[in-house]
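> I would like the atomic coordinates for the input below:
(one chain, ligands or ions: 2)
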Amino acid sequence: MAGVSIPVIDLEQFQGQSTKILEACKEWGCFRIINHNIPDKLMSDMKQVVRSLFDRPLEIKRRNTDVIEGSGYRAPNEKNPLYEALGLYDIGSSDAVETFCTQLDASPQQREIIKSYSNALHKLIMELCGKLAGSMGLNHDLAKGWPCQFRINKYNFTPESIGSSGVQIHTDSGFLTILQEDDCVGGLEVMDKSSGKFIAVDPFPGSLCVNLGDMAAAWSNGQFCNVRHRVQCKQAAIRISIALFLLGPKEAMVEAPQEFVDSNNPRLFKPFTYEYIRKLRLSTGKHAGEALELMRL
Ligand SMILES: O=C(O)CCC(=O)C(=O)O
Ligand SMILES: [Fe+2]
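Residues are numbered from 1 along each chain as shown. Ligands and ions are numbered 1, 2, ... in the order given. All right, here's what the predicted structure looks like:
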């Protein structure tokens, strides 16, 4: 749909925009943030580090093993032949960040950039989640102690691949994702839930894209949209994106607070753990929100 774009939220004006942000969460499940306090230089330095990590030989990338299923290196495969990823669980742990750097032979300078980026993004995602909870009239420390998965993505788009899929349609499994997309190469598309049509999310250098996942839909008793999205190959170029996923409580049940439930808004989902949904998605191969639908009461 030409001319339609996702909402833009100015984080410096957050107080005045809480209605806009809640509307974005409900109608889109995604929005852009500007004035987020992450320096442009840190974002571009990190992108350069990411490119260089992907240029490591395969045997080095393979050292980046899973900590939880799906958290480590993903080589291109039959389903997603253009796509490669490296990852880290949990970015809130400085030991895990050090291990990631060591596995990938990061230089001292690259290590500093990865550490600064991790700290800054971790702080931002926690603050953003707190602000969302606050806008819903609840305690700001909703996500205290929740683990965060970090993933860097590389798409090797070629002239032959134009029009094909880089990453297939999915929802993110966690609560909130902050995505630094490629500042030049587009391809991300989000589904407009009212029309079911995909909308291109074009590059917007300096901003960050926020997606809400399955946990946010469950926690809000279905008020927030777990946005379906995909990446399409639009041009023959390497595309880099950097994603931070705030997952969900480690052990506690995910369920909507009583404030979101009344006779007009009955409880929609059975309580479940984040781990349960993550495993259900992986074991069924259903990644586009169907696992959450199985939890409906
Ligand atoms: O590369 C992108 O822009 C999106 C990546 C994504 O959706 C994901 O890592 O979950
Ligand atoms: Fe995603």
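
> how near is residue 229 to ligand 1?
Between residue 229 and ligand 1 the computed distance is 6 Å (CB to the nearest ligand atom, to the nearest Å). C-beta: built from backbone N, CA, C; applies to glycine.

> likewise residue 150?
As judged by CB to the nearest ligand atom, residue 150 and ligand 1 stand 10 Å apart.

> what mean pLDDT does the host helix or strand of that residue have?
Secondary structure from DSSP states H and E places residue 150 in strand 148-156. The average pLDDT within strand 148-156 is 97.

> now stretch 95-109
For stretch 95-109, the mean per-residue pLDDT is 98.

> Equivalent analysis for stretch 217-236, please.
Mean pLDDT, computed over stretch 217-236, is 96.

> Counting by contacts, list what the strand holding residue 150 packs against.
Here strand 148-156 is seen to pack against helix 40-54, strand 83-89, helix 108-135, strand 165-170, strand 238-246 when contacts are counted using 3 or more CB pairs under 8 Å, 6 or more residues apart in numbering; DSSP states H and E.

> Model confidence for the closest residue to ligand 1 within the stretch 1-150 of the chain, exactly?
Closest to ligand 1 within the stretch 1-150 of the chain is residue 85: 7.3 Å, counting by CB to the nearest ligand atom. What the model reports as pLDDT for residue 85 is 97.

> For the residue nearest to it when sequence neighbours are not counted, give me phi and psi.
Distance criterion CB to CB, 6 or more residues apart in numbering; nearest residue to residue 85, sequence neighbours excluded, is residue 74 at 4.3 Å. Backbone geometry at residue 74, expressed as degrees, to the nearest 10, gives phi -120, psi 110.

> How many residues are close by residue 74?
18 (other CB atoms under 10 Å).

> swap in the one 5 residues further on?
Under the neighbour criterion other CB under 10 Å, residue 79 is assigned a count of 10.

> for the residue in the stretch 101-250 of the chain that ligand 1 sits nearest to, what are its contacts?
Distances between the stretch 101-250 of the chain and ligand 1 by CB to the nearest ligand atom are smallest at residue 241, namely 3.3 Å. Residue 241 makes contacts with 152-153, 155, 179-182, 188, 231, as judged by CB atoms under 8 Å, 6 or more residues apart in numbering.

> one more time with 10 Å
47, 50, 85, 151-155, 166-167, 179-182, 185, 187-188, 209, 231 (CB atoms under 10 Å, 6 or more residues apart in numbering).

> Could you report the separation of the nearest residue to it once chain neighbours are set aside from residue 182?
In space, and not counting its chain neighbours, residue 241 is closest to residue 153: 4.6 Å by CB to CB, 6+ apart. Distance, residue 153 to residue 182, using CB to CB, to the nearest Å: 9 Å.

> what does residue 142 give?
Relative to residue 182, and taking CB to CB, residue 142 is found at 31 Å.

> same thing with residue 271?
Distance, residue 271 to residue 182, using CB to CB: 38 Å.

> more crowded one of those two?
It is residue 182, of residue 271 and residue 182, that has more neighbours when counted by other CB under 10 Å, with 21 against 14.
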